[in-house]
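[1] how would this look folded up:
(2 chains)
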Amino acid sequence: MLVVLILMALPKAAAAQDTIKVGVLHSLSGTMAISETTLKDTVLMMIDEQNKKGGLLGKKLEAVVVDPASNWPLFAEKAQELLEKSKVAVVFGCWTSVSRKSVLPVFEKDNGLLFYPVQYEGEESSRNVIYTGAAPNQQAIPAVEYLMNDVGVKRWVLEGTDYVYPRTTNKILQAYLLSKGVKPEDISVNYTPFGHSDWQARVAAIKRFGSEGKKTAVVSTINGDANVPFYKELANQNVSAKDIPVVAFSVGEEELSGLDAKPLVGHLAAWNYFESINTPANRAFIQEWHAFIKNPKRVTNDPMEAHYIGFNLWVKAVQKAGTTNVDKVIAALPGLETPNLTGGIAKVLPNHHITKPVFIGEVQANGQFDVVWKTKGTVPGEAWSPYLPANKDIVADWVTLKCGNYNKATKKCSGQNYQ
Amino acid sequence: MKKRLLRLGAQWLFLVLLLTSRSTGPLYAQPLSDSGFLAALGELPDAGFDDKYRIVEQLAQSGHPSARAVLTALLEDRLYCRTQDKKVFLVKPGPEDAPTLELIDPLTLKDIGSAPTDTLDKIVANNRLRTILEQMRARFRLSSPDAATRLQAVRDIEQNLNADTIQLLRERSSTESDSRVKKEIATGLALAVLDGSDTQARLSAIATLRGSLRQDVVNKLGSLIEKSPDGGYVESDKQVRQAAEAAVKSIDLRRSIYSGVQTLFFGVSLGSVLVLSAIGLAITFGVMGVINMAHGELMMLGAYSTYLVQMAMPERIGTSIFVAIPVAFVVSALAGVLIERMVIRFLYGRPLETLLATFGISLMLQQLARSIFTPLNRSVKTPAWMSGTLQLNEALSVTHNRLDIVIFTVLVFAALLVVLKRTRIGLEIRAVSQNRPMARAMGIRSSWVDAMTFGLGSGIAGLAGVALSQITNVNPNLGQAYIIDSFMVVVFGGVGNVWGALMGGLSMGVVNQLLEPYTGAVLAKIAVLVALVLFIQTRPRGLFPPTGRASENL
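    As a prediction, the model looks like this:
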């Protein structure tokens, strides 16, 4: 890998002043390659397209792709390499929260700029990161609201993989449900290890929990691989979406493309984008993607749209600032707007999150989702969930307060690095 | 919204009842003309779900003779529209991924030829629409000649008991001949009677329900003995209350026994997966003393073989698995022999080097799979005969795929025993593992036996891969998930003993499943690991330690 990088860097060093370097920090090998490879291709496609339009500030864009190999400490090393050696103007990257946490100190120390495209647990706002994926209030909370109000769910199983995203999300959801008058005995929280494959006992328990008279739903923060055996077991034990619907936050088109979607029909997913949403912008994007990847069967998904939005926002910010200087670009970003693929406008908020529409989709037999519910307009992302008592006085504001973790009561800025 | 749904459903059912009754026909809705029917149908392709509910309602009200067929097709995902002119067709049930679909005219219900799949768009339903349609279908199916279909129909109808549906069940009850369906109807009617006020009728209903094992029966009876917030009982009739209490106790007791049996089955099924992945290792690790870190990747090869066999015969998913079994065995066995001949034979007696070398091989095989098949999951379809549940009674059911894997494990284990005990190569394997120099002195080509042993162990890993492809993801990391567990089983069972692997795997599976409901999956795994470590401390050679002279070599 290092050799490849050096080879990539050498001939281009001479032409460095003519190009703007864009870092791509996505795993191309290891367990996360399944999801992240697509995102790398998306960024490459966006760069390609921008160059066809004549580049940016009169210069061509140049991608610097590194492979952190699903290895969290390696993410930090590769980020450092991108920022210090390749001197990239911006980085698009990371998938798992643990990889983002791992690169965060590097971006803050070297004053880089990261666009993070995946839905996450919130509770963070860094000066150097723009969160283009959903915060919990842009995915988890609306999904639960939908189930509660439109489906009439009274009992909740919060089923997750045992790591930071499900644990934090479930903490927020639990607080939210309790605040809505759900009794503690009607909430069952359970965690399983990564790649859990023996779901017999869990599904039997869910079935039991759901058969006690009240309408029950499963809110699933089960990560990637463990989903397939989970849904298979649900189908085998005759738990249908009509009886106990499962709403998932990590199952999208890409994940479904690798499995037989028949047993999943009717189960739900909450995202800010679905490939099936029929808008001219989305149709054009899908067409362009198929042409770029040279495979008409490849699907598009939510994090891809997040990169699409993030890239466009960065281009606009650079054009507005007239430079790729990170400080000036960060200052230019809040307030910028760019259209979503599914309609509506994504706007960068002072807390470095963006506004997003929320959709609930039902799985169809072809592995696509049909939207059954959506929010009226867009929802602004909240860095700190108001449902957690500890967050009562915390705000993130990089425009006026210049702080990602500002306590209104004590008037102190604490936590992450700040200016 | 829920109320609206119920109302909609009830309205709907009433209308369908009118439609299907053998009387003079719909009372107030004039049958829709063909053109009106087609117009309503034509709205479906572009309609949102809210419009679809309305259109479906309209179609059902239409009284048109084709309405039933069209709505059934919508429920079964067989209603399509032609992309170019938005004309709606029914299609005949056929194999999925078929390049063409057989079209049926929605008006005349006659065949009108076929069309390529990609010129047609499916009209999709959602959960709510499916529930409405299913309730409707249940009524048609109540008179189906197939008893299982009738049983399901009664269950569907029970979800929505009202004066109408109760009457329907009563009518059916008098003509019903199948005892299971009869019992189901009796349960449904008894549930309805409970809401009444006639004490005698309610008591006899409770007596009927006592024989049931169903959770919804327990819930219903349970609601009779609940206390209201002010401390008094919700149910005022003391006799009914006491009878209900006794019935709930009796049902709960039987349910908990069956639930224990089910947990035991879960344990055996998890155990048999462990056994299947470990016995191959028990042979290579136990008999040859080789720590093969690439064992998991040999399982992965087996799983990918299953995938490829399925790709080669997409029309016959049901039988492809039987073809996949020998193919996976041969592929993995060949890979194993190759690894043994090219790498391991140079490293005998150097366990650390073997470990490192095979670890390297495992990484190479993973990357190979990643390069050929991409890191994405490959979807291996589950044959129809392996999906679903074997319902033993209301409280106890076992899933087919797990049951089949338990049976498969028993067969593989029996076959392995036969090979080891009854064949020449088995004799040679045992001879070499007990005393290599002596076996050589007797004229056994020990290097050839080594290769064959390794091939046998690897082939069984391939068989494990076939089984795993049915229950988990087929991707390059498949083997990683099972290698640690396999080693644990082998160490626990006692090195070099296939019976040890069997007992070790099964007991680990059962203990894991017994613990899981109380501790959660994460802690259960940790507890099993800690228990294993403690066990190894006291009995370092596992459950079945090698005895006699053979043990001195290990």
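[2] Get me the contact residues on the stretch 301-450 of chain B for chain A.
    B:367, B:370, B:375-379, B:381-382, B:387-389, B:397, B:399-402 (Cβ under 8 Å from any Cβ of the partner chain). Bear in mind the C-beta positions are built from the backbone N, C-alpha and C, glycine included.
[3] give me that answer again for 6 Å
    With Cβ under 6 Å from any Cβ of the partner chain as the criterion, the stretch 301-450 of chain B comes near chain A at residues B:375, B:376, B:377, B:379, B:381, B:389, B:399.
[4] Quick check: the two most widely separated of those?
    The most widely separated members of these, counting by Cβ to Cβ, are B:375 and B:389 (32.5 Å).
[5] The two - which one has more neighbours?
    Using other Cβ atoms under 10 Å in any protein chain shown as the criterion, residue B:375 and residue B:389 rank with residue B:375 on top: 25 against 16.
[6] Distance check, that one against residue A:245.
    To residue A:245, residue B:375 is 30 Å away according to Cβ to Cβ, to the nearest Å.
[7] Do you have the helices of the stretch 151-300 of chain A handy? List them.
    Secondary structure of the stretch 151-300 of chain A (DSSP state H, counting those that start in this stretch): helices located at A:164-179, A:200-210, A:227-236, A:253-256, A:280-293.
[8] Make TSV from those helices and add mean neighbour count, mean pLDDT and distance to residue B:103 to it.
    Shown next, in TSV, are these (neighbours: other Cβ atoms under 10 Å in any protein chain shown; pLDDT from 0 to 100; distance: least, Cβ to Cβ, whole Å):
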stretch	mean neighbour count	mean pLDDT	distance to residue B:103
helix A:164-179	20	93	46
helix A:200-210	20	91	39
helix A:227-236	24	85	30
helix A:253-256	24	84	28
helix A:280-293	15	93	27
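[9] Save those as CSV, and put in distance to residue B:435 too.
    Shown next, in CSV, are the helices of the stretch 151-300 of chain A (distance: least, Cβ to Cβ, whole Å):
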stretch, distance to residue B:435
helix A:164-179, 54
helix A:200-210, 44
helix A:227-236, 44
helix A:253-256, 53
helix A:280-293, 60
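[10] Tell me which of those lies nearest to residue B:87.
    Of all the helices of the stretch 151-300 of chain A, helix A:280-293 comes closest under Cβ to Cβ, at 22.7 Å.
[11] So which bits of chain B are right by chain A?
    B:1-2, B:124, B:126-127, B:131, B:215, B:219, B:266, B:270, B:375-377, B:379, B:381, B:389, B:399, B:471-473, B:477, B:481, B:513, B:516, B:521-522.
[12] Show me the shaky parts of the chain.
    I'll assume chain A. Under the criterion pLDDT under 70, the flagged ranges of chain A are A:1-17, A:258-259, A:415-419.
[13] Hmm, no, I was thinking of chain B.
    Ranges of chain B meeting pLDDT under 70: B:1-31, B:95-97, B:286, B:546-554.
[14] Contact partners for the spatially closest residue to residue A:122 that is not a sequence neighbour?
    Nearest non-adjacent residue to residue A:122, counting by Cβ to Cβ, 6 or more residues apart in numbering or on different chains: residue A:135, 4.4 Å away. Shown in contact with residue A:135 (Cβ atoms under 6 Å, 6 or more residues apart in numbering or on different chains): A:122, A:353, A:381, A:382.
[15] Give me the phi and psi for the nearest residue to the third one once chain neighbours are set aside.
    It refers to residue A:381. Closest residue in space to residue A:381, ignoring its immediate chain neighbours: residue A:353 at 2.9 Å, by Cβ to Cβ, 6+ apart. Residue A:353 adopts backbone torsions of phi -100, psi 170, taken as degrees, to the nearest 10.
[16] can you pull up the bridge partners for residue A:353?
    residue A:131 (DSSP bridges).
[17] which residues sit in contact with it?
    When the contact criterion is Cβ under 6 Å, 6+ apart, the partners of residue A:353 are A:131, A:135, A:381, A:383.
[18] measure it to chain B for me?
    30 Å (Cβ to the nearest Cβ, to the nearest Å).
[19] again, but for residue A:281
    20 Å.
[20] which residues sit in contact with that residue?
    Residue A:281 neighbours (Cβ under 6 Å, 6+ apart): residue A:341.
[21] And chain B, is stretch A:196-212 touching that?
    Yes. Applying Cβ under 6 Å from any Cβ, one finds that stretch A:196-212 is in contact with chain B at A:196, A:197, A:198, A:200, A:201, A:211.
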